[in-house]
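S.K.: Any chance you could fold what I've pasted below:
(2 chains)
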Amino acid sequence: MSAVTAPDPATHPGATVASSPSGVVQKAWSIAWPPLAFGLAFVLLWEAAVKGFDLKPYFLPAPSSVIDAFFSNIDNVWSAARVSGTNAFVGLVAGAAVGVALSFALMRFDLLNLLVSPVAVALNAIPIVVIVALFSTMYPSTSEIPRRLMVTIIVNFIVLINVSKGLRQVNRIHLELLRSLAASPSDVLIKARIPNAVPYFFTSLKIAAPTAVITAFVSEYFGGRQNGLGYFIPSNFANSKTAIAWAYVIGACLLGLAFYLISILMEYITQHKRGPAPGGA
Amino acid sequence: MNAQQTNTAHTPVAQTVIVVGVSKVFNVGKPSEVSALTDINLTIEPGEFISLIGPSGCGKSTLLRLIANLIEPTEGAVSVNGKTAAQARVDQDYGMAFQQSGLFDWRTVQKNIELPLELKGWDKSRRAARAQEMLELVKLPEFARHMPWQLSGGMQQRVAIARALSAHPQLLLMDEPFGALDEMTREHMQAELLQICDVTETTVVFVTHSIPEAVYLSDRVVVMSPRPGRITEIIDIDLGRDRDQDTREDDTFYSSITVVREALRRVEDGTAGVRPRSGIDDR
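M.R.: Residues are numbered from 1 along each chain as shown, chains lettered A, B, ... in the order given. Next up, the predicted model:
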């Protein structure tokens, strides 16, 4: 038989993926400048409107006075953000852990799956956060546990739904191949199901991280100690200290952003080798 | 007639695959009950290249999965390498390749090829050495550390073949492995597959829709008909063992294509009678 020498006619696309660091910065800037310009224009318009129409500070403070309030209250904002951030983080970690554990259990026990999955989907669709009021009556009024519990529950369902999907929706050919190789159920779990679920897990974290922060704020609003961003924002508004309230809002935005960035970073670190993500919610 | 003389290294006597009186009914007892295969008899000698061809629904993939023991026959028996099909699967006596390469996209090319060896419990250095050997066999030696998505479709399929052969099975089961490739890549892959099988002395059962593909690759072409799936004819292809790209312009190649096409046409017409059982495997 004559040797077949010609390699594959198609070129190999991996070679074109990498580009220089300066190119990356340039690309990032080209994506970033329109929204940045839009945001800046919006703030300037706001400032002009407050000054031009002489709006009262209790109605709408000027961005300049908000920034002023933010920096003069930075210690208070920071300590409130730490309380809310800790609540969100503890709930996020606990919820992710419970969600992953539960999705393994659902995969293993069909009956449990039959019972829990529809409930999980339903709970994900309703504002279950209000039951934090119920938790608050179960614990001392100074306890952070009700809030963290609330975050845990909400994060748990997001992670549960996504990871369950990842563990179950395995490529049919992978399953046939592993069966043809006489792989045991634990081999199938380790070599196909778990790796398949990893991108689903990070997708769920990306959804869950900002949700955890919001849930923490709302939970703080619903009672307990008066120490988090979720308390200070409404209470300052109620006292007509709108500039300070807005300063806390800035803190809340930064906290939510930080959580989101961390989840994206984690996803990038673990996923970038895999190429275009097949999974996702 | 063909093969046999080269295969003294492995089990010298037993036929590689023996299918006797096999029927397969899906969803037995339900309204959706369907008879996929009826009374299949087929014997495959070591070193043979066999293609299964027929219209959709003729059960050719089902027959392949029965040989692979991915499903159990409703009636009859399948033996592979002188063992039950189930035992042969447990012993990893065959490798398998599918229409989609089915590579694990979180594993490098090398780790994909090592998968069967991992399941056999080979240690790391032995796995790596075998993976490199297989990559050279499929002409991708420099792609060990690439991820599957960085490769073209044809390259991915070659990696899948390397994976199927990494444990050096004597039998390779292929379910339309080149079906998703363009025509030129496909012809390259066919030639390379023949070359690989020549070097490794592998017996192949190959499911395809393509008449030229079946003729070019096979020692025998098994023509099947649907509803219920059965073997209507087995056609010998006398192109010898040394086939290259010129074979595609050979007169025998064309006449064999005609023979297979006419057999398939009889299947379409419904004039392909059920031949007596003794005649089916008569060569």
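S.K.: Now the stretch 51-200 of chain A against chain B: closest residue?
M.R.: Per Cβ to the nearest Cβ, A:I173 is where the stretch 51-200 of chain A lies closest to chain B, at 3.5 Å. Backbone N, C-alpha and C define where each C-beta goes, glycine included.
S.K.: quick one: secondary structure of that residue?
M.R.: helix (DSSP: H, G, I helix; E, B strand; the rest coil).
S.K.: tally of neighbours for the closest residue to it other than its chain neighbours?
M.R.: Counting by Cβ to Cβ, 6 or more residues apart in numbering or on different chains, B:G102 is the residue found nearest to A:I173 once chain neighbours are left out, at 3.5 Å. Other residues within reach of B:G102, judged by other Cβ atoms under 10 Å in any protein chain shown, total 23.
S.K.: Now do the contacts for the residue of the stretch 51-200 of chain A closest to chain B.
M.R.: B:98, B:100, B:102 (Cβ atoms under 8 Å, 6 or more residues apart in numbering or on different chains).
S.K.: B:S101 too?
M.R.: B:148, B:153, B:156-157, B:159-160.
S.K.: ok, back up a step: so which of the contacts of A:I173 is the closest to chain A?
M.R.: Out of the contacts of A:I173, the member with the shortest distance to chain A (by Cβ to the nearest Cβ) is B:G102, at 3.5 Å.
S.K.: I'd assumed A:H174 was in contact with the closest one.
M.R.: Yes - counting by Cβ atoms under 8 Å, B:G102 touches A:H174, with 6.0 Å between them.
S.K.: Just the element for the residue nearest the centre of chain A, please.
M.R.: By Cα atoms, centre = their mean, the mean C-alpha position of chain A lies nearest to A:A209, the distance being 2.3 Å. Secondary structure assigned from DSSP states H and E places A:A209 in helix A:194-221.
S.K.: Kindly report the same for B:A214.
M.R.: Going by DSSP H and E, B:A214 is in helix B:211-217.
S.K.: what's the helix or strand following that helix packed up against?
M.R.: Downstream of helix B:211-217, the next assigned helix or strand under DSSP H and E is strand B:220-225. Identification of packing neighbours for strand B:220-225 by 3 or more Cβ pairs under 8 Å, 6 or more residues apart in numbering or on different chains; DSSP states H and E yields strand B:49-53, strand B:230-236, helix B:251-269.
S.K.: who are the neighbours in contact with A:K56?
M.R.: A:K56 neighbours (Cβ under 8 Å, 6+ apart): none.
S.K.: How about A:N236?
M.R.: Per Cβ under 8 Å, 6+ apart, neighbours of A:N236: A:242, A:244-245, A:248.
S.K.: quick check, nearest of these to chain B?
M.R.: So of the contacts of A:N236, ranked by how close each gets to chain B (Cβ to the nearest Cβ), first place is A:Y248, at 42.7 Å.
S.K.: Looking at the closest one now. What's its pLDDT?
M.R.: Here the pLDDT value assigned to A:Y248 is 92.
S.K.: neighbours of it, just the number please.
M.R.: 29.
S.K.: can you check B:A68 too?
M.R.: By other Cβ under 10 Å, the residues close to B:A68 number 23.
S.K.: returning to what we had before: most surrounded residue in the contacts of B:S101?
M.R.: In those, the most neighbours by other Cβ under 10 Å go to B:Q157, 30 neighbours.
S.K.: Go ahead and list the helix or strand containing that residue.
M.R.: helix B:153-165.
S.K.: That helix and chain A, are they touching?
M.R.: Yes - Helix B:153-165 is in contact with chain A by Cβ under 8 Å from any Cβ of the partner chain, via B:153-155, B:158.
S.K.: low-confidence ranges in chain B?
M.R.: Counting by pLDDT under 70, chain B contains low-confidence ranges at B:1-13, B:271-283.
S.K.: mind checking how far the residue lying farthest from the centre of it is from chain A?
M.R.: In chain B, counting by Cα atoms, centre = their mean, B:P31 sits farthest out from the average C-alpha position, at 32.3 Å. Here B:P31 is placed at a distance of 24 Å from chain A (Cβ to the nearest Cβ, to the nearest Å).
S.K.: so what's that residue up against?
M.R.: No contacts exist for B:P31 under Cβ under 8 Å, 6+ apart.
S.K.: Setting aside sequence neighbours, what's the nearest residue to B:R230?
M.R.: B:T38 (5.0 Å).
S.K.: and whichever strand or helix holds the one you found, what does it pack onto?
M.R.: Here B:T38 sits within strand B:34-44, counting by DSSP H and E. Counting contacts by 3+ Cβ pairs under 8 Å, 6+ apart, strand B:34-44 is packed against strand B:17-26, helix B:60-67, strand B:230-236, helix B:277-280.
S.K.: so the longest one versus strand B:34-44, what angle?
M.R.: Between the direction of strand B:17-26 and that of strand B:34-44, the angle (axes from the mean of the first three to the mean of the last three Cα atoms, to 10 degrees) works out to 180 degrees.
S.K.: any chance of the helices and strands packed on strand B:34-44 in TSV, plus mean neighbour count?
M.R.: Converted to TSV, those look like this (neighbours: other Cβ atoms under 10 Å in any protein chain shown):
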stretch	mean neighbour count
strand B:17-26	19
helix B:60-67	24
strand B:230-236	20
helix B:277-280	12
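S.K.: I'd like these as TSV, with distance to B:R107 appended.
M.R.: Formatted as TSV, the helices and strands packed on strand B:34-44 follow (distance: least, Cβ to Cβ, whole Å):
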stretch	distance to B:R107
strand B:17-26	30
helix B:60-67	25
strand B:230-236	38
helix B:277-280	42
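S.K.: Tell me which of those approaches B:A180 most closely.
M.R.: Closest of the helices and strands packed on strand B:34-44 to B:A180 is helix B:60-67, at 14.9 Å (criterion: Cβ to Cβ).
S.K.: I'd like the distance from that closest one to the chain centre, please.
M.R.: 10 Å (Cα atoms, centre = their mean, to the nearest Å).
S.K.: Next: stretch B:96-105.
M.R.: 14 Å.
S.K.: and what of stretch B:31-42?
M.R.: 20 Å.
S.K.: tell me which residues in it are buried?
M.R.: B:35-42 (16 or more other Cβ atoms under 10 Å in any protein chain shown).
S.K.: Repeat that for stretch B:253-270.
M.R.: Using 16+ other Cβ under 10 Å as the test for burial, stretch B:253-270 gives B:253, B:256-257, B:259-260, B:263-264, B:266-267.
S.K.: Show me what it is in contact with.
M.R.: Counting by Cβ under 8 Å, 6+ apart, B:53-55, B:58, B:211-212, B:214-216, B:221, B:223-226, B:232-233, B:235, B:237-239, B:247, B:272 sit against stretch B:253-270.
S.K.: of the residues you listed, buried ones?
M.R.: Using 16+ other Cβ under 10 Å, the buried members of the contacts of stretch B:253-270 are B:53-54, B:58, B:211-212, B:214-216, B:221, B:223-226, B:232-233, B:235, B:237, B:239, B:247, B:272.
S.K.: List, one by one, the residues from the stretch 101-250 of chain A near chain B.
M.R.: Residues of the stretch 101-250 of chain A lying near chain B (Cβ under 8 Å from any Cβ): A:171, A:173-174, A:176-183, A:187, A:191-192, A:195, A:198.
S.K.: if you set the cut-off to 10 Å instead, what comes out?
M.R.: Applying Cβ under 10 Å from any Cβ of the partner chain, we find that the stretch 101-250 of chain A lies next to chain B at A:171-184, A:187, A:190-192, A:194-196, A:198-199.
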